[in-house]
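Here is my input, please return the structure:
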Amino acid sequence: MKAKRVKENVKLVDKTKRYSIDEAIDIMKATKKVKFDETVEIGMSLGVDPKKSDQMVRGAVTLPNGTGKTVKILVFANGDKAKEAQDAGADFVGEDDIIEKIAAGFTSFDLAIATPDLMKKVGKLGKILGVRGLMPNPKVGTVTNDIKKVVEEAKKGRIQFKLDKGANIHTIVGKISFEKDKLKENILFLLTEVKRARPQSAKGTYFKSVTLSTTMGVGVPLNTSEINSLK
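Numbering: from 1, shown residues only. Next up, the predicted model:
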């Protein structure tokens with residue numbers, strides 16, 4: 001049954017064509033479904049050189065319609081800031097106790113936030129958090145004293161994007177059960193923010209390729225000329 005579903009889904013995509021966002025969403029919604037609400041993912045290859053420090057592309061955005069995913073948040077904080085994190089809905093909050101727990105292997109969370117005063121301690125977890133993309137970073141707003149705002153935004157649908165060594169970005173933009181307009185709004189919002197993050201030193205075509213897909217579905221290549229013309 002799995003092989004048959006995959007074959008039928010592949011037939012929906014013409015590999016020689018590049019689709020509009022509307023067309024891509026229609027294709028994804030027309031594919032044979034699995035028994036769970038699949039996540040819609042986006043992958044993009046950018047015309048930048050990740051080896052150059054002035055061409056790194058990274059940031060964080062709160063998608064207008066959320067991600068449809070329940071995010072587990074861990075906060076390194078103490079005192080009033082710890083209470084602020086708990087009141088805002090953080091799942092795990094602490095200082096030395098949380099650090100010891102992670103050092104022992106605990107990584108069952110999706111996002112880590114820290115107050116600036118604790119980063120010296122948190123930095124010792126680099127080998128654990130760094131390789132998993134969980135290390136708090138001021139460049140994406142996860143090292144902050146505004147704990148309440150960041151936790152609440154993360155719960156609403158805040159995602160991070162970061163260029164990898166191959167000049168690619170991969171992240172989520174919603175669930176396949178989302179209404180088409182809401183899914184499209186999320187996709188356009190993210191693409192606009194990634195374009196806003198374009199390094200001044202980057203030359204030539206910025207979005208070289210962009211693909212939408214679902215967790216178990218086929219990739220649908222988008223028309224990059226439309227995306228590169230986004231305002």
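
quick check: longest helix of the chain.
Secondary structure of the chain per DSSP state H: the longest helix is helix 180-196.

next structured bit after that one?
strand 207-214 (DSSP states H and E).

tell me what the longest helix of the chain is packed against?
Applying 3 or more Cβ pairs under 8 Å, 6 or more residues apart in numbering; DSSP states H and E, we find helix 180-196 packed against helix 21-30, strand 39-46, strand 58-62, strand 158-162, strand 168-175, strand 207-214. Placement of C-beta: from N, CA and C, glycine included.

again, only this time at 6 Å
Helices and strands touching helix 180-196, as assessed by 3 or more Cβ pairs under 6 Å, 6 or more residues apart in numbering; DSSP states H and E, comprise helix 21-30, strand 168-175.

Leu125 is nearest to which of the ones you listed?
strand 168-175 (23.1 Å; Cβ to Cβ).

Sheet partners, orientation included, of the closest one?
Here strand 168-175 is paired, per DSSP bridges, with strand 39-46 (antiparallel).

So what angle separates the directions of the strand it pairs with and helix 180-196?
Using axes from the mean of the first three to the mean of the last three Cα atoms, to 10 degrees, the direction of strand 39-46 lies 30 degrees away from that of helix 180-196.

mind checking how far strand 39-46 is from the chain centre?
Mean-position distance between strand 39-46 and its chain equals 9 Å (Cα atoms, centre = their mean, to the nearest Å).

Run through who's touching it.
By Cβ atoms under 6 Å, 6 or more residues apart in numbering, the residues outside strand 39-46 that reach it are 167-170, 172-174, 176, 208-215.

Pull out the buried members of those.
Among the contacts of strand 39-46, those that count as buried by neighbour count (16 or more other Cβ atoms under 10 Å) are Ala167, Ile169, Ile172, Val173, Gly174, Ile176, Ser209, Val210, Thr211, Leu212, Ser213, Thr214.

Farthest pair within those?
Longest distance between any two of the buried ones among the contacts of strand 39-46 is 27.5 Å, between Ala167 and Ile176; criterion Cβ to Cβ.

close enough to count as contact, Ala154 and Ala112?
No: using Cβ atoms under 6 Å, Ala154 is not in contact with Ala112; the gap is 10.3 Å.

Mind listing residues that contact stretch 155-168?
Residues contacting stretch 155-168 (Cβ under 6 Å, 6+ apart): 45-46, 48, 50, 56-60, 62-63, 66-67, 89, 140, 169, 171.
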